[in-house]
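In: Have a look at this prediction, sequence included:
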Amino acid sequence: MTISRAIIDRFYEKLIANLEVDVAVVGGGPSGLVAAWRLARAGRKVALFERKLSIGGGMWGGAMLFNEIVVQKSALHVLDAMEIGYKLYAEDYYTADAVEAISTLTSQAAKAGVAIFNCVTVEDVMIRPDRIVGLVLNWSPVEMAGLHVDPLAMRASFVVDATGHATEVVRVVAKKVPGTLRTDSGKIEGEKSMWSERAESLTLENTREVYPGLYVAGMAGNATFGGPRMGAIFGGMLLSGEKVAAEILERLN
């Protein structure tokens, strides 16, 4: 019984310790991992929630299961800081092994102190009159099975939606929370078809607060504000995570 007790004790110790955090990041893809890593390295308490069993989002498979990714020169400092290898392919374009990249991002985030919870779905948010103050959580298998099981809640000073194309947290807010989003229409604008160069610049532009207490990063930013998708080029995603962390740190400080 020692093994069972050890697993149960340590998990609930981690869960209870993260029921109140500075920042809750939803989505364990590249932008979410970089944001969580930067925040944790700055001494902030960060929990990351990923609905799938594996962390890493769409980076694992590269493009069409060719597990290589492309990163622009402007984002190489993130790879350098994480000690992820890369090679020059053409002017301004570098390649990295997708498996090394995302596994290292995950490892570095964990080593920085990010509490990572996989197989957890964010089914709702906690609100107060003026802002979002936390998340409502359940196990992903409970959601998949359609079971009527009540969730648990946790508090966060800020929430980052880094769920990619799905914009899972923003969709909950748009549907259930009073008020409007900080988009042109006040609603989710929706992701547009691929235009890699434009998408990369808009990823940074669209990394911002979309509702009081809620930021969007990575592809969730483009999907929320109406930008195009970009494919297996990840410089904008990495820089988006860096940007959202910097903006939240400034407000927390």
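Out: Looks like it arrived, so ask away.
In: Only C-alpha atoms from now on, for both contacts and neighbour counts.
Out: Fine.
In: ok, which stretches of the stretch 151-253 of the chain are strands?
Out: Counting by DSSP state E, counting those that start in this stretch, the stretch 151-253 of the chain has these strands, from start to end: 152-161, 208-211, 214-216.
In: Go through these and pick out the most buried.
Out: Most buried of the strands of the stretch 151-253 of the chain, by mean neighbour count (mean count of other Cα atoms under 10 Å): strand 214-216, with a mean of 28.
In: So in that sheet, which strands flank it, and in what orientation?
Out: In the sheet containing strand 214-216, the strands it pairs with under DSSP bridges are strand 152-161 (parallel), strand 208-211 (antiparallel).
In: hang on, the earlier thing: I'd like the strands of the stretch 151-253 of the chain as JSON lines, with distance to G62 and mean pLDDT appended.
Out: Below are those laid out as JSON lines (distance: least, Cα to Cα, whole Å; pLDDT from 0 to 100):
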{"stretch": "strand 152-161", "distance to G62": "22", "mean pLDDT": "98"}
{"stretch": "strand 208-211", "distance to G62": "26", "mean pLDDT": "98"}
{"stretch": "strand 214-216", "distance to G62": "23", "mean pLDDT": "98"}
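In: Need these in a markdown table (columns: distance to E20).
Out: Conversion of the strands of the stretch 151-253 of the chain to a markdown table gives the following (distance: least, Cα to Cα, whole Å):
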| stretch | distance to E20 |
| --- | --- |
| strand 152-161 | 5 |
| strand 208-211 | 20 |
| strand 214-216 | 16 |
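In: wait, G235 sits on I69?
Out: No - distance between G235 and I69: 9.6 Å, which falls outside the contact criterion (Cα atoms under 8 Å).
In: quick one, what contacts the spatially closest residue to A245 that is not a sequence neighbour?
Out: Nearest in space to A245, with sequence neighbours left out and distances taken as Cα to Cα, 6 or more residues apart in numbering, is A35 at 5.0 Å. Contacts for A35 were tallied using Cα atoms under 8 Å, 6 or more residues apart in numbering; they are V25, S240, G241, E242, K243, V244, A245.
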